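K.L.:
Sequence below, structure please.
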Amino acid sequence: MKIILCSVLVFSFALTGFSQSIPVPEKGCYLGAFTPTEIGGQAGFEALQGKPIAVEMNYYGLGTPSDFPVATFNAIVAGGAIPHMTWEPWAGGNPAGPNYNNTKIINGGWDTFYRKYAKSIKAWGKPLFIRWGHEMNGDWYPWSGATNGGATLNGYGDPTKADGVERYIDAYRHVVDLFRAEGVTNVTWIWCPNIGDVPNEDWNRPENYYPGDDYVDWVGLDGYNWGTSVVGRGWGTYYQIFNSSYQKFKAYGKPMIIGEFASTELGGDKAKWIKEAMQYIKLVHTQIKCITWFNINKETDWRVNSSSTSLAAWKLAVADDYFISSVDSVLTGVDDNDSQNPGSFSIGDAYPNPFNGGTTLTLTITEPSHIKAEVYNLTGQKTGEILNRTLQPGKVTLGWSPESNLTSGVYLIRISDGKQTQFKKVIYLK
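P.N.:
Have a look, this model is predicted:
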């Protein structure tokens, strides 16, 4: 989506003023990514794919950092994205131990830390995804069911339910309840199991870990195609990895997010994998409302630019307007005045975008109209005016070169004829 050109319809949310909730697109899917600094972070990834992202995901630990990183999150918002905070209850990969387990969280051992974050996030006030304790059905994290009692029945809670599952659910609920007690309303909570590479035992089925509808806003899924990058594994298509879990959790009636996904180059055709995955998300898995590509060279090269053919496939896929590149009206409070109303113009894409010296876009005018074109930053402040006059039918090219005092960042070109208002999001790289 660009709010500008194809307004995102939402259900259950009204985009009036500064919304506390992240709107759920009726049609389309937010484009998100984990973009580490090796490619220049968010801006580098957006330049690579030729399109902004709507959601930027990152990882944070328990006690590290000790304070909510306001500057980091403000930078994500300034870059035009909603932050997605994957919150891992351990400290930078420390092994399991008395400080990092679900029992300590349940018993209040980390309440001071969580309450401090809750107060800071409430004061910060902007919309935020939190994905707490993801992949709990794996066996590689100290908050997993496997490391917190596993399948035992006599160590905690209901003797008919696996202790590891119960402890996870209670820890998750405890954190959410702490935020509620502090009056936090700007967090959207994601519950997100892994849908592959997990202990395949009945007690450990991901649905067993579900904390309940009252504690989950979005349902997440994590899945990877490892190909032959690991001995004993094989190539898995997006359909093979995701479909059965999607169909299972679709029934929960929640918006869904792919919390992490990616493919290796080893063992198959990654470009084809990307093409088929994105087609499936658009045409079949339509309850998925956000995707998060894991763009890092880690266990294998997961990046979209691991090869020229993979990058070309990714750029072609995300160019589709189905993959939404902004949630601008939520972040800025700039009202689009219902751009569904018929108006006298349509807008083409800005080019180049991102840009350095200047950018241009084309208006197609269908009837004589008084057109205003103005520029706003992401705090909703007007920073310039491009046009304010009556135009006759035809095509008009608008150019914008930022004033020398403007800093690099995301700007909105607001175009209105009194009947409709549309926004074009552009990225200025000084």
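K.L.:
the domain parsing of this structure - what is it?
P.N.:
For the chain, automatic domain parsing gives the domain ranges 29-331, 336-428.
K.L.:
Give me the distance from the shortest one to the chain's centre.
P.N.:
The offset between the C-alpha centroid of domain 336-428 and the centroid of the whole chain comes to 26 Å, using CA atoms, centre = their mean, to the nearest Å.
K.L.:
would you list the domains of the chain in a markdown table and tack on mean neighbour count?
P.N.:
Every residue, glycine included, has its C-beta placed from N, CA and C. Output for the domains of the chain, formatted as a markdown table (neighbours: other CB atoms under 10 Å):
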| stretch | mean neighbour count |
| --- | --- |
| domain 29-331 | 19 |
| domain 336-428 | 16 |
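K.L.:
between those, which gets nearest to residue 23?
P.N.:
domain 29-331 (6.1 Å; CB to CB).
K.L.:
The domains of the chain: which one's closest to residue 21?
P.N.:
Comparing these by their distance to residue 21 (CB to CB), the top pick is domain 29-331, with 6.6 Å.
K.L.:
List of residues touching stretch 250-261?
P.N.:
When contacts are defined by CB atoms under 8 Å, 6 or more residues apart in numbering, stretch 250-261 is touched by residues 24, 32, 34, 57, 86, 129, 131, 134, 190, 192, 210, 213, 216-224, 238, 242, 246, 249, 277, 281, 285, 287-294.
K.L.:
How are the helices of the stretch 1-150 of the chain distributed by residue range?
P.N.:
Across the stretch 1-150 of the chain, reading from the start of the chain, the helices by DSSP state H, counting those that start in this stretch fall at 41-49, 70-78, 102-106, 111-124.
K.L.:
what's the closest of those to residue 372?
P.N.:
Checked against CB to CB, the stretch from the helices of the stretch 1-150 of the chain lying closest is helix 70-78, at 25.1 Å.
K.L.:
Check which helices and strands that closest one is in contact with.
P.N.:
If you count contacts as 3 or more CB pairs under 8 Å, 6 or more residues apart in numbering; DSSP states H and E, helix 70-78 packs onto strand 55-60, strand 82-87, helix 111-124.
K.L.:
ok, back up a step: export the helices of the stretch 1-150 of the chain to a markdown table and tack on mean pLDDT and distance to residue 228?
P.N.:
Putting those into a markdown table (pLDDT from 0 to 100; distance: least, CB to CB, whole Å) gives the following:
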| stretch | mean pLDDT | distance to residue 228 |
| --- | --- | --- |
| helix 41-49 | 88 | 26 |
| helix 70-78 | 90 | 35 |
| helix 102-106 | 97 | 35 |
| helix 111-124 | 97 | 41 |
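K.L.:
so which of those helices gets nearest residue 356?
P.N.:
Shortest separation from residue 356 across these is recorded for helix 41-49, at 11.1 Å, computed as CB to CB.
K.L.:
Please save the CA atoms from the closest one in CSV.
P.N.:
Presented in CSV, the C-alpha positions along helix 41-49 are these (Å, rounded to 0.1, in the frame of the first residue of the first chain):
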residue,chain,number,x,y,z
GLY,A,41,19.8,-1.4,8.2
GLN,A,42,16.4,-0.3,7.2
ALA,A,43,17.4,2.3,4.7
GLY,A,44,19.9,-0.1,3.0
PHE,A,45,17.3,-2.8,2.7
GLU,A,46,14.8,-0.4,1.2
ALA,A,47,17.3,0.9,-1.3
LEU,A,48,18.1,-2.7,-2.2
GLN,A,49,14.6,-3.7,-2.9
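K.L.:
Nice, that's everything, thank you.
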